[in-house]
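Enquirer: quick one: sequence and predicted model below, then my questions.
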Amino acid sequence: MAPAMQSSAPLSTSPPLCVAALYHFTRFADCEALRAPLERVCRQQRVRGTLLLAREGINGTIAGSDAGIAAVLAHIRALPGCAALDVKFSAAASMPFHRLKVRIKREIVTMGEPDIDPTAIVGTYVDPHDWNALIADPATLVIDTRNDYEVAVGTFAGAVDPQTRSFSQFPEWFRTHRAQLLAGKAKVAMFCTGGIRCEKSTAFLKAEGVDEVYHLKGGILKYLEHVPPEASLWQGECFVFDQRVSVGHGLVQGTHLLCHACRRPVSPADSGSPLYEPGVSCPACHGERTEAQRAAYRERHRQEALAAAQGRAHVGAVRA
């Protein structure tokens, strides 16, 4: 159940919303039969966010009131094999999602390796409080399994950046660079935002014949929640897939913005670039779009701002 969210704000203000990041690998025989009831309870509880169902399990991040999140999590834990569902909680001052999406996918995190099964084989979990000692060992190869734009926001000191644009590129990257990566290393330690990508990446490395494979339990989010800044080996902020964009130690909202043209994070330095225009472009995507596309984004941004000023939901921000 979601922990009670305490606020130091005056009683007249709204309490912070509960944000729940979750995933669980299990076997669902009929995802379609599960989707509609799950969506129904989310809407009844006015919970927004994204939940993905696949034959291999469930993944997602949702936000709402404490009671609403608790009701949805109770429903999910009643699904086949989900009683042990682990959830990472944080708080948001305002709703970080525009809408609710409950979708069926081929994979809850796309790797493109159909024979990989995290329920059958997986790496060794490492508690956040034990993580520093592991990655500080010179015999440990530390790999950030996230995508390039996520790594740019923050990562662990000394971690290898695969420079992938999507997680499905990870297997080819590892196979290509395996000999170089493992030279002189006895152990491999991997990490990602909440832990789900490492379930698959550690299973993949084990299947590739790597014996000592470890991953950060609960991911970066759990580490930032429990390890204080003065003891931390984390550098920067952690990109999250909602309107908060990034979080820091204690899971407080970070300093990055989101480019609504390409969905990439925009650092404080990049927000001062002449190539950054809110809702239209950022230094990363300006050269990837035509002026006609930017004009369309500009009009969309104008309509969204007008809707917000009038206190109504824009078509791109449907209320749950």
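Expert: Good, I have the coordinates.
Enquirer: going forward, measure contacts between C-alpha atoms and count neighbours the same way
Expert: OK.
Enquirer: what about the helices in the stretch 101-250 of the chain?
Expert: 128-136, 148-151, 170-182, 196-207, 219-226 (DSSP state H, counting those that start in this stretch).
Enquirer: got the buried residues for stretch 251-268?
Expert: For stretch 251-268, burial by neighbour count (16 or more other CA atoms under 10 Å) applies to 251-267.
Enquirer: rounded mean pLDDT for that stretch, please.
Expert: Regarding stretch 251-268, the rounded mean pLDDT is 94.
Enquirer: now do the end-to-end distance for it.
Expert: End-to-end span of stretch 251-268 (CA to CA, to the nearest Å): 18 Å.
Enquirer: check the offset of it from the chain's centre.
Expert: Centroid displacement of stretch 251-268 relative to its chain, using CA atoms, centre = their mean, to the nearest Å, is 13 Å.
Enquirer: and what of stretch 83-99?
Expert: The answer for stretch 83-99 is 11 Å, by CA atoms, centre = their mean.
Enquirer: look up the closest residue to V102, ignoring the ones flanking it.
Expert: Spatial nearest neighbour of V102, excluding adjacent residues (CA to CA, 6 or more residues apart in numbering): L51 at 4.8 Å.
Enquirer: same check on D148?
Expert: Leaving aside its sequence neighbours, D148 sits nearest to Q163 (CA to CA, 6+ apart; 4.8 Å).
Enquirer: how about A63, phi and psi?
Expert: Phi and psi for A63, reported as degrees, to the nearest 10, are phi -140, psi 150.
Enquirer: quick one: low-confidence residue ranges for the stretch 1-150 of the chain.
Expert: Residue ranges of the stretch 1-150 of the chain with pLDDT under 70: 1-14.
Enquirer: ok, which stretches of it are strands?
Expert: Secondary structure of the stretch 1-150 of the chain (DSSP state E, counting those that start in this stretch): strands at 17-25, 48-54, 57-64, 86-92, 100-104, 124-126, 140-144.
Enquirer: in CSV, list those along with mean neighbour count.
Expert: Output for these, formatted as CSV (neighbours: other CA atoms under 10 Å):
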stretch, mean neighbour count
strand 17-25, 23
strand 48-54, 22
strand 57-64, 24
strand 86-92, 19
strand 100-104, 18
strand 124-126, 17
strand 140-144, 23
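Enquirer: a markdown table for the ones you listed, including distance to C285?
Expert: Formatted as a markdown table, these follow (distance: least, CA to CA, whole Å):
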| stretch | distance to C285 |
| --- | --- |
| strand 17-25 | 28 |
| strand 48-54 | 25 |
| strand 57-64 | 26 |
| strand 86-92 | 28 |
| strand 100-104 | 26 |
| strand 124-126 | 37 |
| strand 140-144 | 23 |
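Enquirer: and the ones you listed: which comes nearest V247?
Expert: Closest approach to V247 among these (CA to CA): strand 86-92, 9.8 Å.
Enquirer: for the closest one, give me every contacting residue.
Expert: The contact list for strand 86-92, computed with CA atoms under 8 Å, 6 or more residues apart in numbering, reads 2-3, 5, 16-24, 194, 218, 221-222, 244, 251, 253.
Enquirer: how about stretch 207-219?
Expert: With CA under 8 Å, 6+ apart, stretch 207-219 has contacts from 88, 116, 123-128, 131, 186-195, 198-199, 202, 205-206.
Enquirer: start to end distance for stretch 240-251?
Expert: So stretch 240-251: terminal residues 10 Å apart, CA to CA.
Enquirer: how much space separates the residue lying closest to D161 once chain neighbours are set aside from D115?
Expert: In space, and not counting its chain neighbours, D161 is closest to D144: 5.6 Å by CA to CA, 6+ apart. Distance, D144 to D115, using CA to CA: 22 Å.
Enquirer: tell me the domain ranges of the protein?
Expert: Annotated domains of the chain cover 17-104, 124-236, 265-309 [automatic domain parsing].
Enquirer: distance to T110 added to those domains, as JSON lines?
Expert: Below are these laid out as JSON lines (distance: least, CA to CA, whole Å):
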{"stretch": "domain 17-104", "distance to T110": "11"}
{"stretch": "domain 124-236", "distance to T110": "6"}
{"stretch": "domain 265-309", "distance to T110": "21"}
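Enquirer: out of those domains, which comes closest to M111?
Expert: Within the domains of the chain, the stretch nearest M111 is domain 124-236; the backing value is 4.2 Å (CA to CA).
Enquirer: measure that closest one end to end?
Expert: 26 Å.
Enquirer: quick one: that domain to chain centroid distance?
Expert: Its chain's C-alpha centre and that of domain 124-236 lie 15 Å apart, by CA atoms, centre = their mean.
Enquirer: returning to that earlier point: contacting residues for the residue nearest to V102?
Expert: Counted by CA under 8 Å, 6+ apart, L51 has contacts I58, N59, G60, T61, I62, K101, V102, R103.
Enquirer: for the residue lying closest to the second one once chain neighbours are set aside, give the beta-bridge partners.
Expert: Right, N59. Leaving aside its sequence neighbours, N59 sits nearest to Y23 (CA to CA, 6+ apart; 4.1 Å). Counting by DSSP bridges, Y23 is bridged to N59, D86.
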